[in-house]
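1. Predicted model and sequence follow; I will ask about them next.
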Amino acid sequence: MTETVPAQLVTDAAPRPTAQDRKAALAGLFDRSAPTYERVGVDHFTELGRRLVGHAAVLPGDRLLDVGCGTGAVLVPAAEATGSTGSAIGVDLSSGMVERSREALREAGLTHAHAVVADAETIDWDAGEHAVPPPANGSLDAVFAGISLFFFPHPHRAVARYRELLSPGGRLAISWWGRPDPRWDPVFAASAPYGRGGSSHALPEDSPFRSVDALHTLLKEAGYASVETDEQQYVTRFRGVHQWWDWVWSTAGRMFWEGVPASSMERAKAAVDAELDRLRAPDGSLTNTSAVRFTVARTQPSTATETMP
C-alpha cells in the first residue's frame, strides 16, 4: 500500500480501533517514517504542497494554519507566500514530523512560521509549552490540510473546528487522492494476500473521501458557504524498482509492509516485484499517474457595510 493508491482505501474487516488508538498509531507510524520521508530522491509531496497553496490564493499578511503539517510540504510555501507580515502555524501529532517541519522552516529562514506537536483535529494546546498559542476563533485567513485529512478519525469535527477558526471569507484548502493509476492495480493486488495489519489509508464506508460529492456535502453541512474541487493528474517518477521500495518504506505505506509476517516477506516482495517488472520502461524507470483533488471551501464573507454619514 502506498501514498498514491487510494484503491486500497477499503474498510478493514477487523473491529475499528478507538479514535485515540488510531491517532497514537498514526503518530508512531509517521515518527518511524520521518527520518527518510521525502529524502529518497522522489519528488512527490513537495510539488503537491505548492499546488495546494496556489489554490488557496494566499496573500501577503495572511494568517495561516497547516494541519497534519508533516515535513512542511505545505507549511513552507504557505509561509513564503504570506511573508513576514503574516503568520503560519503547522500542527502534527508526530513529533518526528514536526521536527522535520521546524528544520525546513529554519533552512528557509521563515521566522514568522512555527510547527507544534498537537492534535490537528481539535487545534488546542497548552500555550506555555509551545512558541505560539492556539489560534483564536475567527482569526485565520486560511487553513490547509495537505494529503492528511482522510487520516483523521473525525473529519466532520475537524472541518467544523476549522470553520470556527476562520475569519469571514476564509478558506479551507484540502488536497486528497482521486483515482489511482489503474496500471498499478495488479501491484497492490499481488501484495494484498500477505498483509495482516491493514493499511493506514483504510476508509470506513461513510468516509467523505470516497467521492467529491460526499466531501462537498460534508463541508456544506459544516457551514461553509461555497466549495469547489479541481482534479489534476500528478506523475510520480522512480528511477527503478529499488527506489520505489525505498519510497514505500519512507511513507505511511510502510504500515502495510510492517504487518507482513517475516515468514511471508520474501514471497510478498517477489510477487510485487514481478508486477513492477511489467511496469518498467526500457530504462528501468517507473511512473505512477494519479488523480489529485484540490478542494477549497470558503466561509461566508462579511456582510458588514460602511455606515453612511
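-> Cool, got the structure. Numbers count the residues shown, from 1 in each chain.
2. switch to C-alpha atoms for all contacts and neighbour counts from now on
-> Will do.
3. In contact with G49, which residues are there?
-> Neighbouring residues of G49 by CA atoms under 8 Å, 6 or more residues apart in numbering: A73, V74, L75, P77, G146.
4. actually S87, sorry about that
-> Listed by CA under 8 Å, 6+ apart, the contact set of S87 reads G61, D62, R63, L64, A79, H112, A113.
5. where exactly do the strands run in this protein?
-> 63-67, 87-92, 113-117, 140-146, 166-177, 226-238, 286-298 (DSSP state E).
6. So what would you say the end-to-end distance of stretch 170-190 is?
-> End-to-end distance of stretch 170-190 (CA to CA, to the nearest Å): 44 Å.
7. Buried by neighbour count: which residues of that stretch qualify?
-> Across stretch 170-190, burial judged by 16 or more other CA atoms under 10 Å covers 170-181, 184, 186-188, 190.
8. Neighbour-wise, give me the winner out of the contacts of G49.
-> L75 (34 neighbours; other CA atoms under 10 Å).
9. Could you list the low-confidence segments of the chain?
-> Residue ranges of the chain with pLDDT under 70: 1-16, 197-203, 304-309.
10. for it, longest helix please?
-> Of all the segments of type helix in the chain, defined by DSSP state H, the longest one is helix 262-279.
11. And that one, what does it pack against?
-> If you count contacts as 3 or more CA pairs under 8 Å, 6 or more residues apart in numbering; DSSP states H and E, helix 262-279 packs onto helix 185-191, helix 241-250.
12. If G146 is in a bridge, with which residues?
-> Note on G146: beta-bridge partners S175, judged by DSSP bridges.
13. For R157, grab the count of nearby residues.
-> R157: 13 surrounding residues under other CA under 10 Å.
14. Apart from its chain neighbours, what residue comes closest to it?
-> Residue nearest to R157 in three dimensions, not counting chain neighbours: E121, with 7.1 Å by CA to CA, 6 or more residues apart in numbering.
15. so who does that neighbour touch?
-> Contacts of E121 (CA under 8 Å, 6+ apart): V67, F152, H154, P155, R157, A158, R161.
16. ok, now S148?
-> Here S148 is in contact with V67, G68, S175, W176 (CA under 8 Å, 6+ apart).
17. Next, work out how far apart it and R280 are.
-> Applying CA to CA, the value for S148 to R280 is 29 Å.
18. Next: A79.
-> As judged by CA to CA, A79 and R280 stand 38 Å apart.
19. The two: which is more packed in?
-> Shown here are A79 and R280; by other CA under 10 Å, A79 has more neighbours (32 against 16).
20. residues near D213, how many?
-> When neighbours are counted by other CA under 10 Å, D213 comes out with 12.
21. Distance of it relative to V117?
-> For D213, the distance to V117 equals 32 Å [CA to CA].
22. now do L172
-> 21 Å.
23. What are the contacting residues of stretch 132-146?
-> Surrounding stretch 132-146, the residues in contact under the criterion CA under 8 Å, 6+ apart are 48-49, 52, 56, 58, 62-69, 74, 114, 123-127, 162, 164-176.
24. try stretch 274-289
-> Residues from elsewhere that reach stretch 274-289, judged by CA under 8 Å, 6+ apart: 180-181, 183-184, 186-187, 190, 233-241.
25. Now for these: which two are most distant?
-> A190 and Q233 (24.7 Å; CA to CA).
26. sorry, back to before: quick one: which of the contacts of E121 has the most company?
-> V67 (28 neighbours).
27. Could you pull up the residues touching that residue?
-> Residues counted as contacts of V67 (CA under 8 Å, 6+ apart) are G90, V91, D92, A120, E121, V143, F144, A145, G146, S148.
28. so the fourth one sits right up against V91, yeah?
-> Yes. The criterion here is CA atoms under 8 Å, and A120 meets it with V91 at 5.7 Å.
29. These two: who's more crowded?
-> Set A120 next to V91 and count neighbours by other CA under 10 Å: V91 wins out with 28 against 24.
30. May I have the beta-bridge partners of that one?
-> With DSSP bridges as the criterion, V91 is bridged to V67, V116.
31. That one and R254, how far apart?
-> Plainly put, V91 is 22 Å away from R254 if you go by CA to CA.
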